[in-house]
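Visitor: Provide a 3D model corresponding to the input given below.
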Amino acid sequence: MADKVIYLRDKARAADESRYRIKYAELLNEAQLAAVTHREGPLLVVAGAGSGKTRTLIYRVARLIESGVPPGAILLLTFTRRAAQEMLDRVERLVGNGSRAVAGGTFHSFANNVLRHHGGAMGLKPNFTILDRSDMEDVLNLLRARMGLASRERRFPKKATLAEVISMARNKRRELAEEIEFDFPHLAEHQQEIIDLAAKYEAYKRERGLLDYDDLLYRLLELLQQYRLVRERLSNAYRYIMIDEYQDTNLVQADLVRLLAMTHENVMAVGDDAQSIYSFRGANFRNIMDFPAIFPGTRIIKLEENYRSLQGILDVANEVISRAAEKYTKALYTQRRGEFRPILVRAQDEHMQSRFVAQRILELREEGVELSEIAVLFRSSFHSFDLELELQRRDIPFIKRGGFKFIETAHIKDALAHLRVVANPSDAVSWLRALTIVPGVGHRTAERVIEPLITAAQPHQELARMARESASRGGAGFRRLAELIAAITAEGQRPADQLAMVLEYYLPLMREAYPDDYPKRERDLEHFQNITQRYRSLEQMLADMALEPPSDSLDGVLATEAEEGYVTLSTIHSAKGLEWRVVFLIWAADGRFPGPMSTEVEELEEERRLMYVAGTRARDELYMTYPIYMFDRMRGHTMGRASRFLEDLPPEILPTATLQESDES
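Guide: From the prediction side, this is the model:
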C-alpha cells in the first residue's frame with residue numbers, strides 16, 4: 001500500500017512539473033531543485049563554495065515567473081550591479097522578455113531608487129547628490145578645517161580615519177562614542193571633537209541635499225521605520241525577496257530585509273557562513289547565523305556539491321572549516337575526477353618562496369596552462385613585494401588587484417563635478433571642486449563664493465555677476481565657467497553631450513595642471529566619454545557613477561594586456577567570487593596568516609574563514625607556501641611555522657614538501 005501511495009505522489013508531481021516549460025529536475029541537483037521549487041515562507045540556502053548558488057537564484061526567479069508570479073513582484077538584491085544584471089540576463093534567456101520587470105540591483109541602488117520616489121515623505125528632495133567615499137572625506141576635511149582641527153600643532157585624525165570611524169559606527173549600529181571605545185581606542189582623546197564633527201557633517205549634508213553611501217541605507221531604514229504606508233506599499237509590491245551573499249550583509253541591511261518582508265516573509269537568503277570575511281566593512285557574521293531566529297519557520301537547504309574544484313582541494317577546505325567554533329555543518333564534494341592533492345610547501349626564506357612560485361609558473365606555462373589561469377593570493381598586500389620583483393626579473397607579466405579606482409582619479413572627479421552642480425545646484429562639494437579649477441581662484445575665494453551660488457535661482461547668472469565685479473584673473477575664469485554651466489543646463493541634452501562641453505572647457509586646464517601625464521588622463525576621459533554614451537538621464541548616470549563606478553583606469557588596463565595574458569596577484573579579500581585553474585597561497589605562516597593583530601576569538605574565526613575562501617578559489621592545483629626563516633621588524637629573524645589553520649591537518653589531506661637548493665648553477 002505504501003508503495004502505491006509513493007507512486008501516486010510521484011505521478012502527481014510529474015503532472016505538476018508538466019506545467020513548466022523548463023525541465024528543472026533535469027537541470028538541477030536535488031538540493032538546488034528543493035531551493036528553486038520552494039514557494040512560500042522564509043528560506044535559507046547555505047551555499048558552499050562553487051556549489052552553483054547563482055544558478056539556483058536564476059532558476060528560482062524563472063520558476064516563480066513560470067508559476068504565475070508577476071515579475072515586478074520579485075526583488076533580487078546583490079552586492080554588485082553587474083552580478084544582478086548578469087543573473088537577470090540569464091533569466092531572460094530562460095523565460096523571455098517578461099523577466100525584465102524583475103527588480104534587481106544592489107542594496108544601495110535599490111535604496112537610491114526608493115528614496116528618489118518616496119523620500120519626499122521625510123522631506124528629502126529627489127535631486128539629492130550621492131557622495132562617494134572620497135567626497136565624504138573631502139567634506140569632513142572642510143569641516144575639520146572650519147573647526148580649527150587641522151592645524152599642524154595638533155595631531156587630529158586625518159580625513160580617511162574620520163570617515164572610517166563614522167561609517168563603521170553606522171554599519172554596526174553603534175553610537176560614535178561606543179565605536180571609538182571598541183574599534184578605535186587610540187582616538188579616545190579626540191572623542192568629543194569627533195562627535196561634534198560628525199554632527200556638523202550630518203547638518204551639512206541635510207542642508208545641501210547630499211547623501212553618502214551609508215545615508216542611502218540609513219535614510220531608507222528611517223523611511224521604512226517611520227512611515228507605515230510606505231513600508232506596507234513596498235512590502236506588498238515585492239512579494240518575493242531574494243538576497244545573494246547574505247553573509248556579507250550588515251545590521252542595517254538585515255533590518256531592511258526584515259521590514260521589506262513584513263507582510264509576507266517570503267525571503268530567500270543565499271550565502272555561505274564559511275565565506276563571511278568582510279567584518280572590516282561592517283558585515284555581520286551573526287546575520288546569516290541568526291536568520292532562522294529572525295524568521296521563525298525558516299527552511300534550511302544546504303548546497304554541498306561543488307562544480308569547481310578537485311576533491312583533494314575540497315578535502316583541505318572541509319578540514320579547515322570543520323574546526324570553526326560556529327558554523328552550518330556541511331561537507332563539499334564533487335563528481336570531478338583527478339588525483340591531485342594540495343601541497344604545503346616549506347621554503348628556506350621569503351626569496352626562495354618567490355623563486356619557487358615563479359619557477360612553477362614557468363613550468364605551468366610550458367605545460368600549456370595560460371598565465372591568466374594562474375593566481376597568487378596573500379593575506380595582506382605587502383606580502384607580494386618580493387614576489388613582484390622576482391616575476392619582473394623573469395619577465396612574467398602580472399597584474400595586481402587593487403590601487404586607485406578609475407572614478408577616484410582627480411581628472412574624472414573634476415569632470416564629474418561640473419555635471420553634478422547642474423543636477424544639484426546645492427552640492428557645495430562639487431562647486432568647491434569646480435571653482436578651485438578656475439585659474440586665479442584659490443581655496444579661500446572658492447569657499448567665499450559658494451554660498452551665493454547654492455542659494456541663487458540661476459547659478460550661472462550669479463557666476464556672470466561675479467565675473468563682471470571681479471578685476472582679478474579669476475573674473476575671466478568665472479565668466480568661462482558661467483558660460484559652461486549655462487550651456488550644459490539647457491534642456492534636452494544627453495549626458496554625453498553635456499560631458500563633451502565639459503571636456504572642451506576642462507582639457508586645457510588639465511594639461512596645464514598635469515603636464516607630466518596628461519595624455520594618460522586624456523585617455524581616461526575619452527573612456528569616460530564612451531561610458532556616458534549609453535545614458536539618457538544625467539541623474540541616472542551620476543547615480544551609477546557613485547554606486548557602481550568603473551573600477552580601472554584605461555591606461556592601467558592597456559598596460560597589462562600582454563599577448564600571453566598575465567598572472568593575477570591578489571589579496572584574498574579581492575579574490576572572493578573568482579576562480580583560477582592554479583592558485584598559490586603565499587605566506588601561509590602563523591604571524592602572517594593569521595596576522596599578529598588577530599587575537600580575539602571572532603577575529604581568529606574570520607581569519608579561518610579567509611583561509612577557506614583562499615583554498616576554494618583553485619580548480620585543479622593548490623600550493624600553500626611559507627618561509628622557515630622570517631624577518632620581523634620588531635623581533636628580527638624568527639623561525640616560521642605553518643599557519644595554525646593548516647599545521648594540524650592530516651598529512652594524507654595536506655602533504656608537506658620542503659624546498660632545497662638545486663646543485664645546478
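Visitor: Tabulate the CA atom coordinates of the helix or strand hosting His527 in CSV.
Guide: Secondary structure from DSSP states H and E places His527 in helix 518-532. What follows is helix 518-532, C-alpha atoms only, in CSV (Å, rounded to 0.1, in the frame of the first residue of the first chain):
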residue,chain,number,x,y,z
TYR,A,518,48.1,64.4,-19.2
PRO,A,519,48.0,62.0,-22.3
LYS,A,520,47.1,59.1,-19.9
ARG,A,521,44.4,61.3,-18.2
GLU,A,522,43.0,62.2,-21.6
ARG,A,523,42.6,58.5,-22.5
ASP,A,524,40.7,58.1,-19.2
LEU,A,525,38.4,61.0,-20.1
GLU,A,526,37.9,59.5,-23.5
HIS,A,527,37.0,56.2,-21.9
PHE,A,528,34.6,58.1,-19.6
GLN,A,529,33.0,59.8,-22.6
ASN,A,530,32.3,56.4,-24.2
ILE,A,531,30.7,55.2,-20.9
THR,A,532,28.3,58.1,-20.9
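Visitor: For it, what is the distance to the chain centroid?
Guide: Centroid displacement of helix 518-532 relative to its chain, using CA atoms, centre = their mean, to the nearest Å, is 24 Å.
Visitor: Mind giving me the packing neighbours of it?
Guide: Judged by 3 or more CB pairs under 8 Å, 6 or more residues apart in numbering; DSSP states H and E, the packing partners of helix 518-532 are helix 410-423, helix 495-513, helix 554-559. Yep, even glycine has a C-beta here, placed from its N, CA and C like the rest.
Visitor: Okay, buried residues for the first one please.
Guide: Burial within helix 410-423, assessed by neighbour count using 16 or more other CB atoms under 10 Å, is assigned to 411-423.
Visitor: That helix packs against which elements?
Guide: Short answer (3+ CB pairs under 8 Å, 6+ apart): helix 410-423 packs on helix 428-437, helix 473-489, helix 495-513, helix 518-532, helix 538-547.
Visitor: switch the cut-off to 10 Å
Guide: strand 129-131, helix 133-146, helix 428-437, helix 459-469, helix 473-489, helix 495-513, helix 518-532, helix 538-547 (3 or more CB pairs under 10 Å, 6 or more residues apart in numbering; DSSP states H and E).
Visitor: Determine which of those approaches Gln253 most closely.
Guide: Proximity of the helices and strands packed on helix 410-423 to Gln253 was assessed by CB to CB; the nearest stretch is helix 538-547, lying at 14.7 Å.
Visitor: Output the closest one as PDB, restricted to C-alpha atoms.
Guide: Below are the C-alpha coordinates for helix 538-547, written out as PDB (Å, rounded to 0.1, in the frame of the first residue of the first chain):
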ATOM      1  CA  LEU A 538      22.100  62.800 -16.200                       C
ATOM      2  CA  GLU A 539      20.600  61.800 -12.800                       C
ATOM      3  CA  GLN A 540      20.900  58.100 -13.600                       C
ATOM      4  CA  MET A 541      24.400  58.400 -15.000                       C
ATOM      5  CA  LEU A 542      25.600  60.300 -11.900                       C
ATOM      6  CA  ALA A 543      23.900  57.800  -9.600                       C
ATOM      7  CA  ASP A 544      25.600  54.900 -11.400                       C
ATOM      8  CA  MET A 545      29.000  56.600 -11.200                       C
ATOM      9  CA  ALA A 546      28.600  56.900  -7.400                       C
ATOM     10  CA  LEU A 547      27.000  53.500  -6.800                       C
END
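Visitor: and the angle for that helix with helix 473-489?
Guide: Here helix 538-547 runs at an angle of 110 degrees relative to helix 473-489 (axes from the mean of the first three to the mean of the last three CA atoms, to 10 degrees).
Visitor: now helix 538-547, how far from the chain's geometric center?
Guide: 17 Å.
Visitor: related to what we said a few turns ago, ok, of the buried residues of helix 410-423, which one's closest to Gly52?
Guide: The nearest one, if we look at the buried residues of helix 410-423 relative to Gly52 and count by CB to CB, is Ile412, at 37.4 Å.
Visitor: hang on, that closest one packs against Glu522?
Guide: No. Applying CB atoms under 10 Å, one finds Ile412 not in contact with Glu522, separated by 11.6 Å.
Visitor: Count residues in the vicinity of Glu661, would you?
Guide: Residues near Glu661, counting by other CB atoms under 10 Å, number 8.
Visitor: helix, strand or coil for it?
Guide: Secondary structure for Glu661, judged by DSSP: H, G, I helix; E, B strand; the rest coil, is coil.
Visitor: and it, what is it in contact with?
Guide: Contacts for Glu661 (CB atoms under 10 Å, 6 or more residues apart in numbering) come out as 348, 352, 355.
Visitor: Which pLDDT value goes with it?
Guide: The confidence metric pLDDT takes the value 78 at Glu661.
Visitor: From Leu344, how far off is it?
Guide: Using CB to CB, to the nearest Å, Glu661 is found at 19 Å from Leu344.
Visitor: How about His443?
Guide: For His443, the distance to Leu344 - CB to CB - is 55 Å.
Visitor: Neighbour count: these two, which is higher?
Guide: Set His443 next to Leu344 and count neighbours by other CB under 10 Å: Leu344 wins out with 23 against 12.
Visitor: Note down every partner strand of the helix or strand containing that one and its orientation.
Guide: If you go by DSSP H and E, Leu344 is part of strand 343-347. For strand 343-347, sheet partners with direction are given as strand 618-627 (parallel), strand 656-658 (parallel), following DSSP bridges.
Visitor: how many neighbours does Pro495 have?
Guide: Pro495: 23 surrounding residues under other CB under 10 Å.
Visitor: my read: it touches Ser537, true?
Guide: Yes. Applying CB under 10 Å as the test, Pro495 and Ser537 come out as touching, 7.3 Å apart.
Visitor: joint contacts of these two?
Guide: Residues touching both Pro495 and Ser537 (CB under 10 Å, 6+ apart) are Ala423.
Visitor: Of the helices and strands packed on helix 518-532, give the one that comes closest to Glu451.
Guide: Among these, helix 410-423 comes nearest to Glu451, with 13.9 Å by CB to CB.
Visitor: Kindly export the closest one (C-alpha atoms) in PDB.
Guide: This file holds the C-alpha atoms of helix 410-423, laid out as PDB (Å, rounded to 0.1, in the frame of the first residue of the first chain):
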ATOM      1  CA  ALA A 410      41.400  63.700  -9.900                       C
ATOM      2  CA  HIS A 411      40.600  64.300 -13.600                       C
ATOM      3  CA  ILE A 412      37.500  62.200 -13.600                       C
ATOM      4  CA  LYS A 413      36.200  63.800 -10.400                       C
ATOM      5  CA  ASP A 414      36.900  67.200 -11.800                       C
ATOM      6  CA  ALA A 415      34.800  66.500 -14.900                       C
ATOM      7  CA  LEU A 416      32.000  64.900 -12.800                       C
ATOM      8  CA  ALA A 417      31.900  68.000 -10.500                       C
ATOM      9  CA  HIS A 418      30.700  70.200 -13.300                       C
ATOM     10  CA  LEU A 419      27.800  67.800 -14.200                       C
ATOM     11  CA  ARG A 420      26.900  67.300 -10.500                       C
ATOM     12  CA  VAL A 421      26.300  71.000  -9.800                       C
ATOM     13  CA  VAL A 422      23.900  71.100 -12.700                       C
ATOM     14  CA  ALA A 423      21.900  68.100 -11.300                       C
END
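Visitor: Fine by me, thanks again.
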